[in-house]
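Enquirer: need a 3D model of the following:
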Amino acid sequence: MADAKAGKDAKAGQGDGKKGPAANEPKAPTGSQLDKMYEYDEGHITQLRQNKPWEKNNKFFNKTKVSALAAMKILKHSLSGVKKGRAGKSGMAVEVMGMLVGKPDGDSIVVSDAYPLPVEGVENFVDTGARAERYMTTLLDSLEKLRKEGYVGWYHSHPFDVETKSNCFMSATDVGTQRDYQNQFPVWVAIVCDPLRSLAKQEPQFGAYRIYPVTYNPPVNQAPDGTNGDKEDLVARWGHAYSRYYQLDLSFYMSSLGNKLLGIMSRNNLWVRVLSSSAILEPEYRERLPERFNKATQKLDSAARAADSGGYGRGWHGGGGGKGGKGKDNVLNQGVLACSELATEQCKGHSSQLCKDILFNALKVAMEKREKGGQKDDGKKP
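Expert: You can find the predicted model right below:
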């Protein structure tokens, strides 16, 4: 994927000298381009399956395009698992799972829809039984009667507490599940949703992944997103199986009619909700905020204790080994990042509330005073 990006950058650089800077500016897709995402080119897909380019290039599929409908259903399903788990006896958020429906399109996997499965689990265990298998088979039979598209992947949630890093990654269990599917169906992608971080950041937090063939070994210490780092940092961010999968570029799309309808709704209705709501006032956000503050404080306290003692212990190193200096820097950095993210979220949220207060309250009071002042002036005139 890095080579592909480098090639694109090189082509862009060649264009600078001929057509000027404007040639490199990204162009917004037209209505026809957006609607083309919904077309099913049977000839192209048949040829793609016959040629099997993914057998020659381990990273042939490098992009995932998700429809607004599918993204909404994935996020809504993931948040329902959080709500259900918190209301249960354990109080732990529940992981959920579902299937992705779509088609291959060149080096992209297009996800047009998503369907929840009757599968639930927690961080270390997911219950995928015969009931889920029967449901998937029945659903596929129904889809074949209604549309030409079929299964192109699966999704599941990682409803873990909001940290300085995203919880979008593939665990060893996830990699095994993806391998089983991908070996049977080469056009297959795994999407991971981080619902709690999506709430905190007020934007979808998704990650799209595919696994490498068993015979392929990626460069040492290379992350799924193509960056390089220390093994300890890679494991902390991407899980112990970080070297067995790679990340695809993920984008969202909507039809031209959907864009027009959204524009109308935004002008007439949705702007009221945007102005009246704030992320820091959401119940889920407010419930988790004290715990996030507590975790950030614990990291700073742990770093302070390690600095005072000068020790090389494991407690302040987040469970890892290594030398004390690096461990202290690591846990201190994590604590600082956690506090920085919390401060940024609070500043944005309160700034938004202050702007709304000025817009709807202060201006109203000022206008009322102005009107009263004008009435008094009118009374003094002969």
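
Enquirer: domain boundaries for the protein, per the record?
Expert: Here the domain parsing of the chain from automatic domain parsing is 39-254, 265-349.

Enquirer: worst average pLDDT in those domains?
Expert: Lowest mean pLDDT within the domains of the chain: domain 265-349, at a mean of 67.

Enquirer: just the helices in this protein please.
Expert: 2-19, 31-36, 42-51, 68-87, 130-146, 172-184, 195-201, 231-238, 256-265, 271-276, 283-309, 324-357, 363-380 (DSSP state H).

Enquirer: avg pLDDT for the second one?
Expert: Per-residue pLDDT over helix 31-36 has a mean of 69.

Enquirer: so residue 241 touches residue 179, yeah?
Expert: No - at 10.1 Å, residue 241 and residue 179 do not qualify as touching, with contact defined as CB atoms under 8 Å. In this view, the C-beta of every residue, glycine as well, is placed from N, C-alpha and C.

Enquirer: circling back: most packed of the helices of the chain?
Expert: Burial of those is given as mean neighbour count (mean count of other CB atoms under 10 Å); helix 195-201 ranks first at a mean of 22.

Enquirer: that helix: how far from the chain's middle?
Expert: From the chain centre to the centre of helix 195-201 is a distance of 9 Å (CA atoms, centre = their mean, to the nearest Å).

Enquirer: before we move on, the earlier item: want to throw the domains of the chain into a markdown table with distance to residue 369?
Expert: Formatted as a markdown table, the domains of the chain follow (distance: least, CB to CB, whole Å):
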| stretch | distance to residue 369 |
| --- | --- |
| domain 39-254 | 35 |
| domain 265-349 | 24 |
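
Enquirer: got phi/psi on residue 227?
Expert: phi -80, psi 160 (degrees, to the nearest 10).

Enquirer: so what's it up against?
Expert: Residue 227 sits next to no residue when contact means CB atoms under 8 Å, 6 or more residues apart in numbering.

Enquirer: could you do residue 69 as well?
Expert: With CB under 8 Å, 6+ apart, residue 69 has these contacts: 112, 113, 114.

Enquirer: show me what the last one is bridged to.
Expert: When bridges are taken as DSSP bridges, the partners of residue 114 come out as residue 100.

Enquirer: quick check, it in contact with residue 98.
Expert: Yes - the criterion here is CB under 8 Å, and residue 114 meets it with residue 98 at 5.4 Å.

Enquirer: mind listing the shared neighbours of those two?
Expert: Residues touching both residue 114 and residue 98 by CB under 8 Å, 6+ apart: 73, 74, 77, 155.

Enquirer: return the member of the residues you listed nearest to residue 49.
Expert: Of all the shared contacts of residue 114 and residue 98, residue 155 has the smallest distance to residue 49: 22.8 Å, by CB to CB.

Enquirer: give the bridge partners for the closest one, please.
Expert: Under the criterion used (DSSP bridges), residue 155 bridges to residue 98, residue 191.

Enquirer: how deep is the spatially closest residue to residue 189 that is not a sequence neighbour tucked in, by neighbour count?
Expert: Nearest non-adjacent residue to residue 189, counting by CB to CB, 6 or more residues apart in numbering: residue 153, 3.8 Å away. A count of nearby residues for residue 153, using other CB atoms under 10 Å, gives 25.
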